[in-house]
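1. The sequence and its predicted three-dimensional model are supplied below.
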Amino acid sequence: MSAPALPRAAVWMGYGGLLPFALGAMLAWLLGRPEDLDAHALVMQALSLYAALIISFLAGIHWAAGMFKPEAGGFGRAVVIMLLAWPAALMPAFAGLVVHGLLLLALYAVDRSHYPQLGLQHWLLLRFRCSVGAALFCFLAAAAT
């Protein structure tokens, strides 16, 4: 039995969600000159906040799963994940982006163990690609300081 196909819109939006990460990392490197410091700081802060939003969005999947399968414990996971992303968004961006990158990878590991229990294992390849890409761009941007 083959895995169900992912909705095309979800695949496009998943990969499209990497564009702000890629653009932010690129701008972090391009705006590293002393005369661009204000723009550089704004790009770094924007990227860190975007990462926090994406992590909270991914945490929302656990909340929604808990609504359909309360015994899976998704409510607590969702809140903990979001509460970890929040202080990282308040940190200086060069440090917060490292935390966000690590959270994206850790959240994928959590999803890898929980998605099969929820019948969502067919989403894991997309989740892996998007999570690794987003984390890599967070790390690249953090290195641009």
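-> Arrived safely, thanks for sending.
2. Excluding residues flanking it in the chain, which one is nearest residue 3?
-> In space, and not counting its chain neighbours, residue 3 is closest to residue 122: 3.7 Å by Cβ to Cβ, 6 or more residues apart in numbering. Heads up, the C-betas are built off the backbone N, CA and C, glycines and all.
3. scratch that, residue 84 is what I was asking about
-> Nearest in space to residue 84, with sequence neighbours left out and distances taken as Cβ to Cβ, 6+ apart, is residue 103 at 5.8 Å.
4. OK, contacts around that neighbour?
-> 55, 81, 84, 85, 88 (Cβ atoms under 8 Å, 6 or more residues apart in numbering).
5. can you give me the strands for the protein?
-> Ranges of strands in the chain, per DSSP state E: none exist.
6. Any regions of it where pLDDT drops low?
-> 1-2, 34 (pLDDT under 70).
7. Roughly how far does residue 118 sit from residue 19?
-> From residue 118 across to residue 19, the span is 28 Å (Cβ to Cβ, to the nearest Å).
8. now do residue 62
-> 25 Å.
9. Same question for residue 42.
-> 18 Å.
10. So these two - more neighbours on which side?
-> residue 42 (14 against 10; other Cβ atoms under 10 Å).
11. Just the buried positions in the longest helix seen in the chain, please.
-> Using DSSP state H to define each element, the chain has its longest helix at helix 37-68. Residues of helix 37-68 classed as buried by neighbour count (16 or more other Cβ atoms under 10 Å): 40-41, 43-45, 47-52, 54-56, 58-59, 61-63, 65-66.
12. what helices or strands is it leaning on?
-> If you count contacts as 3 or more Cβ pairs under 8 Å, 6 or more residues apart in numbering; DSSP states H and E, helix 37-68 packs onto helix 18-30, helix 74-90, helix 93-114, helix 124-142.
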